[in-house]
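[1] Structure of the sequence below:
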Amino acid sequence: MRGETELSALLRTMQPQLFAEELGYGRLPPGQGLPSGLVPFATVAEAEGMTVVAAAAELARHGVDHVPGWARISLTVHSDLAAVGLTAAVATALAAEGISANVVAGCFHDHFLVQWDRRFAAIAVLTRLSASA
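    Predicted structure coming up:
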């Protein structure tokens, strides 16, 4: 399951993909499970409760307290979990344009959650970063 580890190759071939659906960060109290039928993109278990990243409309429909306004950009390159520098390079490029970058890493790809209203600017930044690698 090893992926690419060389930073310049990762940047050159990252091919950022913007998803059309607005996401939200939901909060569930400790011990409360996911509402039946809610399919999250990601979950994070913390001492304060569970963070649920899912479609903002679905979080609202299920009555989950959430912060809407996030877009998902996935890097389609298969990045190795031990690769060094990809997250830093992407976050630095986005930060230079005033765009926050919340990262979720899967076994195959890295996913960045950016402000919904800055999603097209974020794609432009990542496209330029990839072209200059």
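[2] dump the residue contacts of G26.
    Going by CB atoms under 8 Å, 6 or more residues apart in numbering, G26 touches P40, T51, V52, V53, A54, L59, V64, D65, H66. Where you see a C-beta, it was placed from the backbone N, CA and C, and this is true even at glycine.
[3] make that G31, sorry
    By CB under 8 Å, 6+ apart, the contact list for G31 is empty.
[4] how about the helices of this structure, start to end?
    Assigned by DSSP state H, the chain shows helices spanning 7-12, 56-61, 86-96, 119-131.
[5] Give me the average confidence score over the longest one.
    Taken as a whole, helix 119-131 has an average pLDDT of 98.
[6] any chance of the helices of the chain in a markdown table, with mean neighbour count too?
    Formatted as a markdown table, the entries for the helices of the chain read as follows, by neighbours: other CB atoms under 10 Å:
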| stretch | mean neighbour count |
| --- | --- |
| helix 7-12 | 17 |
| helix 56-61 | 17 |
| helix 86-96 | 16 |
| helix 119-131 | 17 |
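[7] Tell me the strands beside the longest strand that the chain contains, with direction?
    If you go by DSSP state E, the chain has its longest strand at strand 66-75. Here strand 66-75 is paired, per DSSP bridges, with strand 16-18 (antiparallel), strand 23-28 (antiparallel), strand 110-115 (antiparallel).
[8] angle of that strand against helix 86-96?
    For strand 66-75 against helix 86-96, the angle by axes from the mean of the first three to the mean of the last three CA atoms, to 10 degrees is 120 degrees.
[9] what's strand 66-75 in contact with?
    Surrounding strand 66-75, the residues in contact under the criterion CB under 8 Å, 6+ apart are 10, 14-19, 21-27, 41, 52-53, 56, 59-60, 86, 90, 102, 109-119, 122-123, 126.
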